[in-house]
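> Please find the sequence and the predicted model below.
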Amino acid sequence: MTKLENATVVLTGATGGFGQQLTRQLLAAGSRLILSDRHQPTLSHQAQLIKQEIKTGEILACFAADLSNREGCETLFNQVQSLEIPIDILINNAGLAIYGRMDETPPEKWETLMEVNLIAPMRLSSLFVGDMISRRQGHIVNISSVAGWSGKAGLTHYCASKFGLRGFSEGLFDEVKSYNVKVTAVYPFFSRTPILDAEKYGTLATNYQGLPEAWLTDPQQVMKATLRGIKSNQLHVFPDSPANLIHLLKRYTPFLLNKISVLADKKLVKNPKI
C-alpha cells in the first residue's frame, strides 16, 4: 500500500479540473503538497483558497513551470530539489487537448501537446526516479486517458500522446519494480473539466456538437477512485464506469466498440466525414 498521510507529493497541472480535485483530496488525506502549473498568480491564489477550506495536510510550495520544454521540466525539478525534501509521489497530471483533423491542426499546437502530455512526464520521471530508486521507495503516477486505449477521430494527436504515456508507464513499471518503486497509470473518460474547452480546428471542429452532458463524469469521483488505485499500487486504473467499459470492449470485443463509436459520432459531429 502507498500511504498518502504525510507523503510528500509533487503535483503538476494543479490548477486544472483534476488538479484541483487532487489538491483537495490529497490535503484531506494529510499529504504534503508541492504544486506546479504555468501561471504563478493563479496557482498561488487557488492554493490559498483550497487551504483555507481544508485544514489538514500542508502545501509546501507552489512553483510555476512551463513543461512544454526541457528547461521548464529541469527548472521544476531544481525548485523541488531546493526544498531538500525526499519526494514520495510524483503525479504527472498536466495535460493539453486539441480537437481537429490531424492535417488541419497547426503543427506548433500538436507538437506542444506532445511535449506536455508525453515528453514532460518522461522527463520529470527520469529526473525524480533516481532518488526513489536509491531510497527504494516512491510512486510515479501518470494521468493518461481512456483515449490511451481507444483512438478517436479529431483526437489523433491527443490519443497518440496518451497511448505513448500508457506504454511509458508499463515500461517504467517493469524497470523499477525490483527497487520497490511503484507506477500507476490512470485512464479517465471525459469529465467536467476545462480541458473540454480545448482549441478546435478545421472541418471536424465546424461540425462538432460537443459531448452530451449525460456522458460526462464527475471529476471529484474520478479522482477519488484514482487515489484508491494509487493507494493499492495498481498499475492500470480505470476510475469511472465508461472508461472501464471501453477498456473491456477494446480488449475482448473490439468490433462492438467500433459499432458503438460509429453511433457516438452521429451525436458528436454533424455529417461525420473523415
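Ah, there it is.

> middle-most residue in this structure, spatially?
In the chain, the centroid-proximal residue (CA atoms, centre = their mean) is residue 143; its distance is 2.7 Å.

> Would you mind naming the residues that bridge with that residue?
Here residue 143 shows beta-bridge partners residue 186, assigned using DSSP bridges.

> And the strands in the stretch 1-150 of the chain, which stretches?
Assigned by DSSP state E, counting those that start in this stretch, the stretch 1-150 of the chain shows strands spanning 8-11, 32-37, 58-64, 89-92, 98-100, 138-143.

> Mean pLDDT lowest where, among the ones you listed?
The weakest mean pLDDT among the strands of the stretch 1-150 of the chain belongs to strand 98-100, with a mean of 93.

> follow-up on the earlier one: quick one, which of the strands of the stretch 1-150 of the chain is nearest to residue 197?
The closest of these to residue 197 is strand 98-100. By CB to CB, the value is 10.2 Å. The way it works is simple: take the backbone N, C-alpha and C, and place the C-beta from them, glycine included.

> Tell me the strands beside the closest one, with direction?
By DSSP bridges, strand 98-100 pairs with strand 199-201 (parallel).

> these two touch, right, the residue nearest to the centre of the chain and residue 117?
No: contact criterion CB atoms under 8 Å: residue 143 and residue 117 do not qualify, at 9.5 Å.

> if I look at those two, which residues touch both of them?
Listed as contacting both residue 143 and residue 117 by CB atoms under 8 Å, 6 or more residues apart in numbering are residue 95.

> related to what we said a few turns ago, in a markdown table, list the strands of the stretch 1-150 of the chain along with distance to residue 211.
Formatted as a markdown table, the strands of the stretch 1-150 of the chain follow (distance: least, CB to CB, whole Å):
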| stretch | distance to residue 211 |
| --- | --- |
| strand 8-11 | 26 |
| strand 32-37 | 25 |
| strand 58-64 | 31 |
| strand 89-92 | 24 |
| strand 98-100 | 11 |
| strand 138-143 | 19 |
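
> tell me the phi and psi of residue 240?
With angles defined as degrees, to the nearest 10, residue 240 sits at phi -150, psi 160.

> any idea what sits nearest it, other than its immediate chain neighbours?
Leaving aside its chain neighbours, residue 240 sits nearest to residue 217 (4.5 Å; criterion: CB to CB, 6 or more residues apart in numbering).

> Now do the residue nearest to the centre of the chain against residue 86, distance only.
Taking CB to CB, to the nearest Å as the measure, residue 143 falls 22 Å from residue 86.

> got it, and residue 62?
From residue 62 to residue 86 the distance is 19 Å (CB to CB).

> These two: which is more packed in?
Ranked by neighbour count (other CB atoms under 10 Å), residue 62 and residue 86 place residue 62 first, with 22 against 12.

> need the contact list for the more buried one.
Here residue 62 is in contact with 14, 34, 35, 36, 40, 43, 44, 47 (CB under 8 Å, 6+ apart).

> bridging residues for it?
Going by DSSP bridges, residue 62 forms beta bridges with residue 35.

> Can you give me the neighbour number for the closest residue in space to residue 112 that isn't next to it in sequence?
Closest residue in space to residue 112, ignoring its immediate chain neighbours: residue 68 at 5.1 Å, by CB to CB, 6+ apart. Residues lying near residue 68 (other CB under 10 Å) number 20.

> Look at residue 68 and report its pLDDT.
Reported pLDDT for residue 68: 98.

> Just list the residues touching it, thanks.
112, 115, 116, 120.

> Number of residues surrounding the second one?
I take that to be residue 115. 20.

> what do you get for residue 104?
12.

> Show residues contacting the lowest-mean-pLDDT helix or strand in the chain.
The weakest-scoring helix or strand in the chain, judged by mean pLDDT, DSSP states H and E, is helix 254-268 (a mean of 79). Contacting residues not belonging to helix 254-268 are listed as 150, 152, 153, 208, 209, 210, 211, 212, 246, 249, 250, 272 [CB under 8 Å, 6+ apart].
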